[in-house]
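*Asks:* Below are the sequence and a predicted model for it; my questions follow.
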Amino acid sequence: MVKRIGILTGGGDCPGLNPAIRGCVMRAMDYKFEIMGIREGWKGLVEGDAEPLKIGDVEDIVNKGGTILGTSRTNPFRKEGDIKKCQENIKKLGLDAIVAMGGEDTLGVANKLGKKGISCIGVPKTMDNDLSATDYSFGFDTSVTVAVDAAERLKDTGASHRRIMVLEVMGRHAGWVALFVGLGAAADWVLIPEKEIEIDKMCEQLKKDYDRKKTALVIVSEGAKIPNMNGAKEELDPFGHMILKKRGIGEDIANIIEEKLKVETRVAVIGHIQRGGSPTLFDRILGTRVGVKAADLVAEGKFGQMVALQGNQIVSVPLEEAVSKLKTVPDEWWDLIQVFFK
Ligand code: F6P
């Protein structure tokens with residue numbers, strides 16, 4: 001019988017985490033569970049750093065960005081002895097189950113811990129929207145909304161100065177963020193990691209746009225790859241992912257455009273601005289629903305599952321399935337945006 005659960009948030013923060021924590025805690029109270037907030041993701045479990053979560057901690061956080069629990073990119077499978085520490089701390093803290101809110105890395109750890117007999121439930125969180133088995137994850141809507149606003153600001157200044165503007169957005173190895181920002185802000189070209197960059201085709205299109213309106217906007221995903229540019233600036237995070245922001249793809253693209261078209265081109269990198277701020281209504285509702293469902297799954301003893309949004313239903317799917325492959329942009333979405341490159 002579950003008496004006490006621990007909640008943690010791992011990986012990059014994103015708007016929607018606080019509504020999800022709130023949903024999970026408030027629902028867990030219906031089941032009379034005691035709830036511990038584990039600080040800073042898996043790091044808190046390795047270090048036994050946790051505090052009780054009460055109604056006063058969560059009742060008014062639905063509109064708050066970030067995560068009240070803190071987060072980190074700690075991978076407890078990386079350093080010898082850390083898993084043992086996690087197991088010991090689970091015992092010390094008296095936790096019967098863990099609700100892990102995170103992306104592929106955090107949930108990958110939850111999946112592996114499940115195989116070691118630890119009862120885990122996953123809640124999908126990522127602004128990249130790249131988790132399989134869920135149609136959307138909270139964080140995505142807010143970060144795209146923020147980036148659309150930034151893109152529109154760039155369009156104003158670009159039009160005034162007769163410049164081409166390049167906006168580099170996050171999204172890691174999936175192009176969802178760039179694609180949605182491109183569609184939402186009526187960009188003239190979009191570059192995503194799933195498609196090889198065609199420099200000549202891009203420049204041809206931008207020339208047409210520039211000749212017509214004396215400005216143009218390009219959205220480039222941080223993970224997009226220029227052919228034959230063999231990764232100079234490569235640095236890895238604790239899960240072995242390249243820190244893409246450091247590659248400076250936006251700047252490279254802006255330089256190429258300026259050189260080829262002889263048009264003054266400026267670049268802006270939105271970076272972590274995309275990840276902060278109050279969650280949109282969509283992310284508040286989605287976060288709330290998946291948080292509540294996570295507590296329901298604990299009560300039902302359905303461990304090793306991740307909560308997911310499929311259509312408009314909140315369902316559960318095996319964690320293994322959710323972390324087995326990334327959800328990248330399929331051709332139908334790529335074809336959709338081509339309609340607007342004229
Ligand atoms: O996975 C979310 C994300 O924002 C990615 O889009 C980005 O590549 C990465 O995190 C940045 O990580 P950090 O906050 O560690 O710099």
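*Replies:* That came in fine, so what should we check first? Numbers count the residues shown, from 1 in each chain.
*Asks:* which parts of this protein sit against the ligand?
*Replies:* Residues of the chain found near the ligand (CB under 6 Å from any ligand atom) are Gly12, Arg73, Gly103, Thr126, Met127, Asp128, Met170, Gly171, Arg172, Glu222, Leu244, Arg275. Any C-beta I mention is one placed from the backbone N, CA and C, and that applies to glycine too.
*Asks:* and these as JSON lines, adding secondary structure, pLDDT and neighbour count?
*Replies:* Shown next, in JSON lines, are the residues of the chain next to the ligand (DSSP: H, G, I helix; E, B strand; the rest coil; pLDDT from 0 to 100; neighbours: other CB atoms under 10 Å):
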{"residue": "Gly12", "secondary structure": "coil", "pLDDT": "97", "neighbour count": "21"}
{"residue": "Arg73", "secondary structure": "coil", "pLDDT": "96", "neighbour count": "18"}
{"residue": "Gly103", "secondary structure": "coil", "pLDDT": "96", "neighbour count": "26"}
{"residue": "Thr126", "secondary structure": "coil", "pLDDT": "97", "neighbour count": "29"}
{"residue": "Met127", "secondary structure": "coil", "pLDDT": "97", "neighbour count": "30"}
{"residue": "Asp128", "secondary structure": "coil", "pLDDT": "97", "neighbour count": "27"}
{"residue": "Met170", "secondary structure": "coil", "pLDDT": "97", "neighbour count": "23"}
{"residue": "Gly171", "secondary structure": "coil", "pLDDT": "97", "neighbour count": "31"}
{"residue": "Arg172", "secondary structure": "coil", "pLDDT": "94", "neighbour count": "22"}
{"residue": "Glu222", "secondary structure": "coil", "pLDDT": "96", "neighbour count": "26"}
{"residue": "Leu244", "secondary structure": "helix", "pLDDT": "80", "neighbour count": "22"}
{"residue": "Arg275", "secondary structure": "helix", "pLDDT": "97", "neighbour count": "19"}
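*Asks:* can you put these in TSV and add distance to Val190?
*Replies:* Putting the residues of the chain next to the ligand into TSV (distance: CB to CB, whole Å) gives the following:
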residue	distance to Val190
Gly12	22
Arg73	28
Gly103	23
Thr126	20
Met127	17
Asp128	16
Met170	14
Gly171	11
Arg172	16
Glu222	13
Leu244	16
Arg275	20
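*Asks:* Phi and psi next, for Ile199.
*Replies:* The phi and psi values for Ile199, taken as degrees, to the nearest 10, are phi -60, psi -50.
*Asks:* Near it, how many other residues are there?
*Replies:* Neighbour count of Ile199, defined by other CB atoms under 10 Å: 15.
*Asks:* contacting residues for it?
*Replies:* Ile226, Pro227, Ile256, Lys260 (CB atoms under 8 Å, 6 or more residues apart in numbering).
*Asks:* Could you measure from it over to Gly48?
*Replies:* 52 Å (CB to CB, to the nearest Å).
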